[in-house]
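Chemist: Quick one, structure for this:
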Amino acid sequence: MADNTVVVGTTRTQGRFLAEARERLLVVDSTDSRGGRGQAWLAGELLLAALGACATSSVTHFAREEAIALDDVEAKVSYTRHPTDPTAYEEVVLEVTTWGVTREEADLLVRLYTENCPVYGTTSRGATVRVAVDARTGRAEADR
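Modeler: Sure thing, here's the model as predicted:
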């Protein structure tokens with residue numbers, strides 16, 4: 001599997017899915033209304049986690065690169081559902097809190113994050129998503 005590919009498949013548990021990237025596994029659930037069990041991450045939470053993880057990773061990286069003495073960083077990410085469009089979030093809010101740096105340094109680190117993170121860039125500007133469908137008959141147990 002390529003480094004930029006994630007494969008998500010069903011499991012024997014209704015509303016539960018298994019995601020695999022770089023031979024690493026992650027359990028994902030559907031929402032309760034779609035039969036999920038509420039025990040694993042939801043897809044929307046994974047999107048928020050990706051934004052937050054890229055923010056904290058980038059800020060710590062650029063602090064080292066710029067020789068800024070950052071003590072700690074935290075990203076809090078939330079969304080608001082669009083009131084009339086069930087396929088969209090109306091707003092995603094990313095709050096980055098830093099410790100041990102000045103406001104100017106924090107602003108620089110966050111600017112470097114927003115200028116370099118493809119997760120942020122794609123989410124903030126939107127990207128074309130191409131959907132390809134491949135309908136097959138049956139699935140042999142050996143293929144799983």
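
Chemist: use CA for all of it now, contacts and neighbours both
Modeler: Will do.

Chemist: okay, and for this structure, where does confidence drop off?
Modeler: Low-confidence segments of the chain, defined by pLDDT under 70: 1-2, 140-144.

Chemist: Which elements pack onto the lengthiest helix in it?
Modeler: Assignment by DSSP state H gives helix 43-65 as the longest helix of the chain. On a contact count with 3 or more Cα pairs under 8 Å, 6 or more residues apart in numbering; DSSP states H and E, helix 43-65 meets strand 72-81, strand 89-99, helix 103-116, helix 118-125.

Chemist: Wasn't residue 131 part of a strand?
Modeler: No: under DSSP: H, G, I helix; E, B strand; the rest coil, residue 131 falls outside any strand and is assigned coil.

Chemist: can you count the residues close to it?
Modeler: 5 (other Cα atoms under 10 Å).

Chemist: Pull the contacting residues for it.
Modeler: Under the criterion of Cα atoms under 8 Å, 6 or more residues apart in numbering, residue 131 has no neighbours.

Chemist: got the phi/psi numbers for it?
Modeler: For residue 131, the backbone dihedrals are phi -110, psi 120 (criterion: degrees, to the nearest 10).

Chemist: Then the one 5 residues further on?
Modeler: Backbone dihedrals for residue 136, given as degrees, to the nearest 10, come out at phi -120, psi 160.

Chemist: number of nearby residues for it?
Modeler: There are 6 residues near residue 136, going by other Cα under 10 Å.

Chemist: What distance do you get for it to residue 11?
Modeler: Distance of residue 136 to residue 11, computed by Cα to Cα, to the nearest Å: 18 Å.
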